[in-house]
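Novice: From the sequence below, what's the structure:
(chains A, B and C)
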Amino acid sequence: MTVAQIVFILLTIVGLGAAFLVVTTRNLFHAALYLIASFFAVSGFYVLLEAGFFAAVQFLVYIGAISILFIFATMLTRTVRGMVPRNSQWQAALFIAVVLFVAMVVMFSPISFSLPTRSDRTFGGVDWQFAEVLGKPGVLRSVPDSSILDFGRALSDLNQYGIALLLSGVLLLIGMIGAIWVARERKPREILAERARMAAEEASEAARQSVGTKIPDVVVAHDSHH
Amino acid sequence: MDIINNLVKNLGDGIAAGIYGALGQGLAADILIMVIAAIAVFAVASGGFAGLTYAERKIVARIQDRVGPNQAGPYGILQPIADAVKLFTKEDTTPAEADFWVYNLAPIIVAVFATLTFTVVPFAPGVVGTNLNIGAFYIIAIGSASTIAILMAGWGSNNKYSLLGAFRTVAQLVGYEVPMLLNMLPVIMLTGSMSLVDIIERQAGWNGSWGLPFIVILPLSGLAFLISGIAEAGRSPFDLLEAESEIVAGFHVEYSGMKFGLIMMGEYMNALGVAVMFSVLFLGGYAGPILPPYLWLVLKAFGVFLVLMWLRGTLPRVRIDQLLNMNWKFFVPLSVVNLILVMILGKVFVSDPALFKANGGILIQPLAQALIMGASSFVLLMIALAIVTRRVRKDRMAEARILLQRRETNQQIAASVH
Amino acid sequence: MLNGIPLYWYLIVAAAMFCIGLYGALARTNAIAVLMGVELMLNAVNINLLAFWRYLTPESPAGLAFAAFVFIVAAAEAAVGLALIISVYRNMNSIDPEKLDLMKL
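Specialist: Model prediction:
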């Protein structure tokens, strides 16, 4: 048992335990905190995978920004102390999740369930019997020292990923403007106008439904009398 | 001379050799050395914290024309110990209906994340906790994670004023991370690496010749980084959130005793971390002519902290909306323009012959390039300040005009009544 | 085997986190909790990407670039999603996905 294996198992317990608590707890603020714990564990996985830069990015982006967004949204929608019970379709969701997990484990790991199709592992045209997948030692290459430098060069080179980077910048800009506009503070006059418009829409919707599925001129004349 | 210069390094090497000799080269020895190193870094940071609380109270007192604590020991030297004893002997309360784990975990997280910044700071050549190749970025990431602890403290206190204070604090902290990161970028660009050791080495010797601290080449970035760092650390004049004279003391109103002590320690470590970061990034860290390196770092960090204390004693507090306006409408655009300016100048005026052959530009001496960048940063700072002062003056004149009009109408009304 | 950890350990952990996130996204009555499930799924995908990068092509920056873009898109999507939730809450006073059925026939 190497140190890395022990650390991996600890991180798995923390990460998956916290993830499980996120989806089962009834208190939304606690769910946000458990989510932060699972982000922490994922950051630890990145460190084990020798992608230290992404461990720091995970901290900065997920724990430092997205978690705070979640907590602010929780406070602003005032359902913290309310229950977050299970859905009406939770049994189906549980079934799907379990089936999917079992399928993925069977496909991607050497854990065999004595299924006859396991002898042929060319799934999707790819031979999954990589030595690395099955855990045979000695085939692993090491990360070059200049990996961050190469990554940076690839992101800035217009022939490689530069255009994708510029597009993601535009995406973030649009997201930012959209989020600010959608969630902006509305003046009282604006709020009243919105509510009046929605009430009028609901009234016409109810009138249309009570008459039936056809849309005759009678309904239009009926509406104009109001 | 060499012994004094490398005192810390030799001490560390000696201890390591002793442990390896006793326990062999295995895992146990490695873990023991790491634990001792962690305790040493924590001891240095905590010792700094204790000394700095005392120094701050004395210096701010002198600025305010009073004496400061002088009862506990000669010249009040034992005041930090008295403070610690007081905090330990206070009752450990938890508010009713507060979330126990959230409330009690928050001060620990604040203190821990604030101390983690000292693990990548190089104290002397060869004396560094971990020479991460993403050292500068790691510090920003750790700083951003401690904002969660403040939200936990605010929410776990079961107190709506505490929650509001936590929201304002988080808005300020999250906002000022952006100019901090944007102003660290020119330094990283000029060095070519995010590792703090590389940054200091770059300032110590520029292309093998004599060195130049980055504050000369990038004065605007340094200034903006320092101001954003002061806002990040929540120190005056940006301490509306947790100052003692505010009606509700912010997110830590429900904390007392050692939990409050931990939060305060976290804040001081944050401030000390900002001072150390500024001296590493812009002032040259442990590089310096005559004195041993660790003394240089202590002197520079303490000098920057002195500036922080000076600002605290001198400037009035900034209101939270003025603060956030200043961040998003002044600092962020200024930092972006500064970044673009440094990028363009770095490409146009190259000092490395290999880069000149590859990309073209104007080939000049390194010193000339440094001075051109410094001068243009300074010009940009002056332009920005001129724009801002002119706009502020216009706003203030408009306000004064409105007030004057109102006073005239009031006087007319009063005169017509009589 | 990196330090004794074969690749399929990472794949199993990522699969588990993905399925937990999937359950969360499908079986919760609060839209913010649904978004938390989505974030868990995105994290699981990132673990997968970086694990494959490290074990199969560690010298190429392609895996890192892909993971970086997943980070960026996840952040943008979380921000816009939460803004929409706040706006929906203001108009409908409820963020239960089962009750928000204005667009149903």
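
Novice: Which parts of the chain are helices?
Specialist: You didn't say which chain, so I picked chain A. Applying DSSP state H to chain A gives helices spanning A:3-24, A:28-48, A:52-58, A:67-77, A:90-108, A:131-134, A:147-156, A:162-182, A:188-211, A:217-224.

Novice: meant chain C actually
Specialist: So, for chain C - with DSSP H - the helices run C:7-26, C:31-56, C:62-92.

Novice: who does the first one touch, helix- and strand-wise?
Specialist: Right, the one you point to is helix C:7-26. In this structure, helix C:7-26 packs against helix A:3-24, helix A:28-48, helix A:90-108, helix A:131-134, helix C:31-56, with contacts taken as 3 or more CB pairs under 8 Å, 6 or more residues apart in numbering or on different chains; DSSP states H and E. To be clear about C-beta, it is placed using only N, CA and C from the backbone, and glycine gets the same treatment.

Novice: Kindly recompute the last result at 7 Å.
Specialist: Packed against helix C:7-26 by the contact rule (3 or more CB pairs under 7 Å, 6 or more residues apart in numbering or on different chains; DSSP states H and E) you find helix A:3-24, helix A:90-108, helix A:131-134, helix C:31-56.

Novice: okay, now the domains of the chain?
Specialist: Let's take chain A. Listed domain ranges for chain A are A:1-85, A:89-143, A:148-184, A:189-226 (source: automatic domain parsing).

Novice: Hmm, no, I was thinking of chain B.
Specialist: If you go by automatic domain parsing, the domain ranges for chain B are B:1-85, B:90-417.

Novice: gap between the shortest one and the chain center?
Specialist: Spelled out, it's domain B:1-85. Relative to its chain's centre, domain B:1-85 lies at 19 Å (CA atoms, centre = their mean, to the nearest Å).

Novice: what about B:Phe378, how many neighbours?
Specialist: 13 (other CB atoms under 10 Å in any protein chain shown).

Novice: For it, which non-adjacent residue is closest in space?
Specialist: Nearest non-adjacent residue to B:Phe378, counting by CB to CB, 6 or more residues apart in numbering or on different chains: B:Pro219, 5.7 Å away.

Novice: That neighbour reaches B:Ser377, doesn't it?
Specialist: Yes. Between B:Pro219 and B:Ser377 there is a contact at 5.2 Å, judged by CB atoms under 7 Å.

Novice: which helix of chain B spans the most residues?
Specialist: Chain B, longest helix under DSSP H: helix B:366-417.

Novice: Leaving out chain neighbours, which residue sits closest to the residue sitting nearest the centre point of chain B?
Specialist: Central residue of chain B (CA atoms, centre = their mean): B:Val274, 1.9 Å from the mean position. Among residues not flanking B:Val274 along the chain, B:Gly229 sits closest, at 3.6 Å (CB to CB, 6+ apart).

Novice: Mind telling me what element that neighbour is part of?
Specialist: For B:Gly229, the host element (DSSP states H and E) is helix B:219-233.

Novice: Counting by contacts, list what that helix packs against.
Specialist: Secondary-structure packing of helix B:219-233 (3+ CB pairs under 7 Å, 6+ apart): helix B:160-191, helix B:258-281, helix B:332-348, helix B:366-417.

Novice: now the angle between helix B:332-348 and the longest one, please.
Specialist: Orientation check (axes from the mean of the first three to the mean of the last three CA atoms, to 10 degrees): helix B:366-417 against helix B:332-348 gives 160 degrees.

Novice: relative to helix B:219-233, how tilted is helix B:366-417?
Specialist: 60 degrees.

Novice: So for helix B:366-417, mean pLDDT?
Specialist: Averaging pLDDT along helix B:366-417 yields 86.

Novice: That one packs against which elements?
Specialist: Using 3+ CB pairs under 7 Å, 6+ apart: helix B:366-417 touches helix B:214-217, helix B:219-233, helix B:332-348.

Novice: and B:Ile109, how far is that from B:Thr93?
Specialist: Applying CB to CB, to the nearest Å, the value for B:Ile109 to B:Thr93 is 19 Å.
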